[in-house]
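Participant: When you get a sec, could you give me coordinates for this:
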Amino acid sequence: MANKSWRLDRRTCLQGAGLALALPLLESMSFGAAAKTPPRRMAFVYFPFGVSMPSEDGGLRDWGWFPRGEGRDYQLTKPLQPLADLRDQITILGGLSHPRGRTLGGHDTGDTFLTGASLKGPLFVNDISLDQYAAQHIGDDTRYRSLILSSDGGVGEPTRSTTLSFSAKGKPIPALASPQQVFARLFGNDDAAQTERRKLVNTASMLDRVLDHSRSLRRQLGKVDQQKLDDYLASLRQVEQQVEQSQRWLDIPKPKVDAESIALDVDQKTPQTYLRTMYDLMLLAFQTDSTRLATYMIGQVAGATTIANSFPAAVGLEGNWHGLAHSGASDKGAEKLGRFDQFLAEHFAYFLKRLQSTPEGDGNMLDHTLVLYGSSNSKTHQNRNYPLIVAGGRKLGMAHGQYLQYTEETPLANLFVTMLDRANIPVESFADSTGELSQLLV
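Facilitator: Have a look, this model is predicted:
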């Protein structure tokens with residue numbers, strides 16, 4: 001087929017003002033109907049410890065996280081007021097939770113936010129997370145199957161995980177916490193491609209030998225050791241998948257993004273800038289189509305051990321996040337926690353507005369991106385009535401501008417099934433789902 005002058009290479013960059021940025025998907029970049037359809041994406045943002053929930057008659061109801069009223073006639077309270085300009089792009093959800101998480105300890109549910117698992121037994125076995133389920137279907141379409149971020153980084157420990165993402169075997173997948181490390185992963189210098197290629201070839205060869213040897217070794221083991229070996233091999237196969245995907249992209253240059261265009265030298269000691277930078281990195285990952293799936297755990301639920309515990313003090317609020325959450329469960333501390341809830345909402349609104357202001361196809365990036373924001377506690381240690389916001393996806397058939405309240409008979413996994421369906425990812429059920437949330441659909 002002749003090469004048309006109007007056909008652009010996907011790697012074409014815009015340059016100017018010190019920025020070189022890969023173009024978003026344009027119709028002129030390829031032939032056929034597929035080029036006219038922007039990719040469908042999902043992002044998941046989690047915060048720990050619950051939200052401000054003062055009593056109805058204590059005089060501080062306006063500092064409660066959940067809105068007044070319901071349906072389309074709801075009124076935002078002060079903590080979510082930063083989202084007022086985005087009202088037609090969001091739906092606030094009340095009453096949803098994971099039924100199997102209701103009996104877990106109050107600081108045990110972060111692990112299950114995207115899995116819905118029960119974490120029973122001495123090994124606290126988890127299940128696949130929603131983002132990784134989606135990655136099984138769309139992860140191979142991009143350089144990275146998913147982008148996994150957290151303020152703490154790594155994986156943490158069972159029931160105190162520092163990542164939202166879990167493999168098909170329920171194993172935690174390490175999260176990145178350093179903006180510089182994230183940027184390097186996404187947009188690192190391609191001059192090192194030859195070195196990376198040699199490393200990948202050597203790694204692939206080593207994995208082949210290990211996997212071949214394991215087949216004969218397994219026959220010599222008892223059932224307990226076979227299970228241990230299977231778990232180990234599952235981890236190796238995950239590495240093998242990553243190697244295979246990396247090899248496919250070695251000859252395709254990474255998008256060029258000027259490191260000076262984003263505050264990469266920031267750390268968690270300045271959460272105002274740190275949160276924005278993490279959101280900026282998620283946006284750039286989507287904008288350059290480096291991935292279509294992202295998770296960000298702002299803080300984990302382990303109280304004083306999470307780096308994010310100091311965030312309130314760093315923004316001028318007394319005390320730490322864990323302490324604020326406990327006091328915010330009563331009228332006494334409702335305003336203080338509500339002000340921090342408002343701080344978090346400001347940064348979430350920043351992310352949504354950046355997506356909304358980025359044109360794409362016949363709309364903008366937010367129109368083609370589903371975003372879930374929330375916690376696995378309402379009040380600290382209460383694993384019911386999760387505070388949740390689902391945003392975006394207007395071009396994917398989502399209906400917004402609502403505050404929807406559900407009873408405990410409706411599992412949170414019904415929202416997961418709804419999001420997967422809108423993202424065109426095949427799904428019959430997820431975790432303990434019983435159907436879709438039809439009120440969210442046009």
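Participant: From now on I want contacts and neighbour counts done on CA atoms only, so please keep to that.
Facilitator: Noted.
Participant: Pull the number of nearby residues for residue 113.
Facilitator: When neighbours are defined as other C-alpha atoms under 10 Å, residue 113 has 25 of them.
Participant: spatially speaking, which residue is in the middle of the chain?
Facilitator: Geometric centre of the chain, nearest residue: residue 295, 1.9 Å, by C-alpha atoms, centre = their mean.
Participant: Quick check: bridge partners of that residue?
Facilitator: Note on residue 295: beta-bridge partners residue 44, residue 148, judged by DSSP bridges.
Participant: what's the distance between it and residue 344?
Facilitator: 16 Å (C-alpha to C-alpha, to the nearest Å).
Participant: repeat for residue 290
Facilitator: Going from residue 290 to residue 344 by C-alpha to C-alpha gives 26 Å.
Participant: Likewise for residue 384?
Facilitator: Taking C-alpha to C-alpha as the measure, residue 384 falls 21 Å from residue 344.
Participant: go on, residue 40?
Facilitator: On the measure of C-alpha to C-alpha, residue 40 and residue 344 end up 25 Å apart.
Participant: likewise residue 425?
Facilitator: Noted for residue 425: a distance of 30 Å to residue 344, by C-alpha to C-alpha.
Participant: Same question for residue 186.
Facilitator: According to C-alpha to C-alpha, residue 186 stands 25 Å off from residue 344.
Participant: before we move on, what about residue 370?
Facilitator: 19 Å.
Participant: And those two? Which one has more around it.
Facilitator: A count of neighbours by other C-alpha under 10 Å puts residue 370 above the other of residue 370 and residue 344, at 24 against 20.
Participant: Quick one: residues contacting that one.
Facilitator: Contact analysis of residue 370 by C-alpha atoms under 8 Å, 6 or more residues apart in numbering lists 40, 41, 42, 43, 390, 391, 392, 393, 419, 423.
Participant: By neighbours, which of the residues you listed wins?
Facilitator: Neighbour counts for these (other C-alpha under 10 Å) peak at residue 392, which has 29 neighbours.
Participant: where does this protein dip in pLDDT?
Facilitator: Under the criterion pLDDT under 70, the flagged ranges of the chain are 1-36, 190-216, 219, 228-229, 231-248.
Participant: Where do the domain boundaries of it fall?
Facilitator: Annotated domains of the chain cover 35-188+263-440, 189-253 [the TED database].
Participant: Looking at those, which one is packed in the most?
Facilitator: With neighbours defined as mean count of other C-alpha atoms under 10 Å, those peak in mean count at domain 35-188+263-440, which reaches a mean of 21.
Participant: Which secondary structure element is home to the residue nearest to residue 276 when sequence neighbours are not counted?
Facilitator: With sequence-adjacent residues excluded and distances taken as C-alpha to C-alpha, 6 or more residues apart in numbering, residue 276 is closest to residue 347, at 6.4 Å. Using DSSP states H and E, residue 347 maps to helix 334-356.
Participant: Just the residues contacting that helix, thanks.
Facilitator: So helix 334-356 is contacted by 51-54, 60, 63-65, 78-83, 86, 275-276, 279-280, 283, 312, 317, 324-325, 327-328, 364-367, 391 (C-alpha under 8 Å, 6+ apart).
Participant: quick one: which of those residues sit in helices?
Facilitator: The members of the contacts of helix 334-356 that map onto helices under DSSP state H are 275, 276, 279, 280, 283, 312, 324, 325, 327.
Participant: okay, how far is it across stretch 394-403, tip to tip?
Facilitator: The first-to-last residue distance of stretch 394-403 comes to 16 Å (C-alpha to C-alpha).
Participant: I'd like the distance from that stretch to the chain centre, please.
Facilitator: Offset of stretch 394-403 from its chain centre (C-alpha atoms, centre = their mean, to the nearest Å): 19 Å.
Participant: who touches residue 42 in this structure?
Facilitator: Residue 42 is in contact with 131, 292, 293, 294, 369, 370, 371, 423, counting by C-alpha under 8 Å, 6+ apart.
Participant: Ok, residue 145 next?
Facilitator: Contact partners of residue 145, counting by C-alpha under 8 Å, 6+ apart, are 135, 138, 139, 291, 292, 293.
Participant: I'd like the distance between the residue nearest to residue 276 and residue 155.
Facilitator: Between residue 347 and residue 155 the computed distance is 24 Å (C-alpha to C-alpha).
Participant: Ok, residue 303 next?
Facilitator: Plainly put, residue 303 is 16 Å away from residue 155 if you go by C-alpha to C-alpha.
Participant: can you list contacts of stretch 403-413?
Facilitator: Contact with stretch 403-413 is made by 67, 69-72, 74, 91-99, 116, 385, 430-434, as judged by C-alpha under 8 Å, 6+ apart.
Participant: what about that stretch, how long is it end to end?
Facilitator: End-to-end distance for stretch 403-413, by C-alpha to C-alpha: 18 Å.
Participant: mind listing what residue 268 touches?
Facilitator: For residue 268, the contacting residues are 151, 274, 307, 308, 311, by C-alpha under 8 Å, 6+ apart.
Participant: Can you classify it by secondary structure?
Facilitator: With DSSP: H, G, I helix; E, B strand; the rest coil as the basis, residue 268 sits in coil.
Participant: rewinding a little: which one of the contacts of residue 42 is nearest to residue 122?
Facilitator: Using C-alpha to C-alpha, the shortest approach to residue 122 within the contacts of residue 42 belongs to residue 131, at 25.6 Å.
Participant: which residue sits closest to that closest one, ignoring its sequence neighbours?
Facilitator: Take residue 131 and drop its neighbours on the chain: the residue closest to it by C-alpha to C-alpha, 6+ apart is residue 293, 6.4 Å away.
Participant: quick one, phi psi at the one you found?
Facilitator: Main-chain dihedrals, residue 293, degrees, to the nearest 10: phi -140, psi 130.
Participant: With residue 394 instead?
Facilitator: When read as degrees, to the nearest 10, the backbone of residue 394 gives phi -60, psi -30.
Participant: Just give the closest residue to it, not the sequence neighbours.
Facilitator: In this structure, residue 394 finds its nearest non-sequential neighbour in residue 367, 4.7 Å apart by C-alpha to C-alpha, 6+ apart.
Participant: And that neighbour, how far from residue 376?
Facilitator: Residue 367 sits 26 Å away from residue 376 when distances are taken as C-alpha to C-alpha.
Participant: just residue 76 next, same as before
Facilitator: Taken as C-alpha to C-alpha, the span from residue 76 to residue 376 is 21 Å.
Participant: for residue 164, same thing?
Facilitator: Distance from residue 164 to residue 376, counting by C-alpha to C-alpha: 12 Å.
Participant: for residue 274, same thing?
Facilitator: Applying C-alpha to C-alpha to residue 274 and residue 376 gives a distance of 23 Å.
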